[in-house]
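**Q** Pasting the sequence and the predicted coordinates here, then a few questions.
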Amino acid sequence: MAERTDPEVADEIVAAVRRFVEREVLPVASDLEHADAYPTDLVAGMRDLGLFGATIPPEHGGLGLDVPTYARIVEELAAGWMSLSGVVNTHLIAAGLIARHGTGEQRDRWLPRMATGELRGCLSLSEPDAGSDTRSLRCKATPDGDEYVIDGTKAWVTNGETAGIVALAARAPEGITCFMVEKEPGPAHGGITISKRVGKLGYKGIETVEMAYDGHRVPASAVLGGSDGLGRGLPFILAGLELGRINIAARACGVARAAFEAAIRYAQQRETFGKPIAQHQAIQFKLADMATRLEAARLLTRNAAERHQAGERTDVEAGMAKLFASEAAMDIATEAMRIHGAMGYADELPIERYYRDAPLMVIGEGTNEIQRMVIARGLLARYPV
């Protein structure tokens, strides 16, 4: 576990990310988003800032930031363009899996290159017929000498094409196992092909793909944790998703913040009936509710991040933060559009982008219906009769 980041250092890093967003992201985000163009230059800027190594331990070349600082960084990125936060999310989930569960050789082999962004990671859990129902995974890994042969189709893989290493959940004879599958970035490598690129309502610029594995061979050393990791892939990955859900909650805070700030600015500039609309009680009520929900979402996200940093189990807290913050982002983006009126519906302002991006957080890293189940089960376990 990373040590607590010095508060002054944390503030400096977050301020640097905010400057990057203001100078580099905001001027181009709408054009890139509407073109669904991969943000090559912005990703290079994120590499220069060290963000691909944000939570990777310093001994492996990363920044070793604590989880609360990482959540603040994600909020800043998402406030500029939510897709950028997705570029680092599954990468750092994969890196976290290696840091926590990998062998010494695996950590030394992969983490230094992941910290610099030279090697990009992604997570591959879902399948066409197995999303939240993770125990129905069909992708299989068949032992063959000192190798495994992987067959199956994985769905909804963010960064799947640009990644060079995939944290892949597959069913081995011992049970669901996490394999760290190395590949060349691109549409095909060995027995791996990008079989489909998913068109999306929002979350554009970053690829979401379906990946087909047809007799793809990996060495036994690809099993996360070595032989001790056989059959333990599901608990490894589900624990890793707690950080992913904190990321989603922080993303939602970023989108909600951007939508709220745009709305409160516009409400003071737009006049109707001889006065700024911010002076109309109906608009004031909206702004008050938006700000309150945003602050509550931030506090829940901060609490989940603090508890995760302390090494506590955070399935309930991360689930609560993700659930509340994502629903708040949906509502705040909608209210921001209503405050802007017709201009909120026009693509010359980013309001419609916030409105299209917000639903991802309701669905991603486990739907909010699943979050409610996770929260309830966790609470029942904490309060036995």
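**A** Arrived safely.

**Q** So what's the gap between the one helix or strand in the chain whose mean pLDDT sits lowest and the chain middle?
**A** When the helices and strands of the chain are scored by mean pLDDT, DSSP states H and E, strand 271-272 comes last with a mean of 92. How far strand 271-272 lies from its chain's middle: 39 Å, per C-alpha atoms, centre = their mean, to the nearest Å.

**Q** With stretch 349-356 instead?
**A** Counting by C-alpha atoms, centre = their mean, stretch 349-356 comes out at 19 Å from the chain centroid.

**Q** Give me the contacts around the least confident helix or strand of the chain.
**A** Residues from elsewhere that reach strand 271-272, judged by C-beta atoms under 8 Å, 6 or more residues apart in numbering: 277, 280. All C-beta spots, glycine's among them, are computed from the backbone N, C-alpha and C.

**Q** Please compute how far the helix or strand just after that strand lies from its chain's middle.
**A** As assigned by DSSP states H and E, the chain's next helix or strand after strand 271-272 is strand 275-276. Relative to its chain's centre, strand 275-276 lies at 40 Å (C-alpha atoms, centre = their mean).

**Q** Which strands or helices does strand 275-276 pack on?
**A** Packing partners of strand 275-276 (3 or more C-beta pairs under 8 Å, 6 or more residues apart in numbering; DSSP states H and E): helix 233-269.

**Q** Mind listing what's buried along the helix it packs on?
**A** By 16 or more other C-beta atoms under 10 Å, the buried positions in helix 233-269 come out as 233-234, 236-260, 262-264, 266-267.

**Q** one step back: neighbouring strands for the least confident helix or strand of the chain, and are they parallel or not?
**A** strand 275-276 (antiparallel) (DSSP bridges).

**Q** angle of the helix or strand that the strand it pairs with is followed by against helix 233-269?
**A** Next helix or strand after strand 275-276 toward the C-terminus (DSSP H and E): helix 281-309. Following axes from the mean of the first three to the mean of the last three C-alpha atoms, to 10 degrees, one obtains 150 degrees for the angle between helix 281-309 and helix 233-269.

**Q** Remind me what helix 281-309 packs against, helices and strands.
**A** helix 67-80, helix 233-269, helix 315-340.

**Q** now those as CSV including distance to Ala99 and mean pLDDT?
**A** Conversion of those to CSV gives the following (distance: least, C-beta to C-beta, whole Å; pLDDT from 0 to 100):
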stretch, distance to Ala99, mean pLDDT
helix 67-80, 13, 98
helix 233-269, 10, 95
helix 315-340, 18, 97
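
**Q** Any chance of the ones you listed in a markdown table with distance to Pro39 as columns?
**A** Shown next, in a markdown table, are the helices and strands packed on helix 281-309 (distance: least, C-beta to C-beta, whole Å):
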| stretch | distance to Pro39 |
| --- | --- |
| helix 67-80 | 11 |
| helix 233-269 | 16 |
| helix 315-340 | 21 |
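
**Q** Compare these and give me the one nearest Val43.
**A** Among these, the nearest to Val43 by C-beta to C-beta is helix 67-80 (11.3 Å).

**Q** chain center to the helix or strand following the closest one: distance?
**A** Heading C-terminal from helix 67-80, the first helix or strand you meet, by DSSP H and E, is helix 82-101. The chain centre lies 7 Å from the centre of helix 82-101; the measure is C-alpha atoms, centre = their mean.

**Q** Stretch 75-88 now?
**A** 9 Å.

**Q** What's the end-to-end length of that stretch?
**A** 12 Å (C-alpha to C-alpha, to the nearest Å).

**Q** ok, now which ones touch Ser124?
**A** Contacts of Ser124 by C-beta under 8 Å, 6+ apart are 154, 157, 160, 166-169, 211.

**Q** Pull the contacting residues for Ile351.
**A** Contact partners of Ile351, counting by C-beta under 8 Å, 6+ apart, are 259, 262, 333, 336-337, 340, 343-345.

**Q** Quick one: buried ones out of those residues?
**A** Buried among those by 16+ other C-beta under 10 Å: 259, 262, 333, 336-337, 340, 344.

**Q** about what we covered before: for Thr55, state which of the contacts of Ser124 is nearest.
**A** Ala167 (14.8 Å).

**Q** my guess is the closest one is in a strand, correct?
**A** Yes - under DSSP: H, G, I helix; E, B strand; the rest coil, Ala167 sits within a strand.

**Q** and it, how many residues sit next to it?
**A** Residues near Ala167, counting by other C-beta atoms under 10 Å, number 27.
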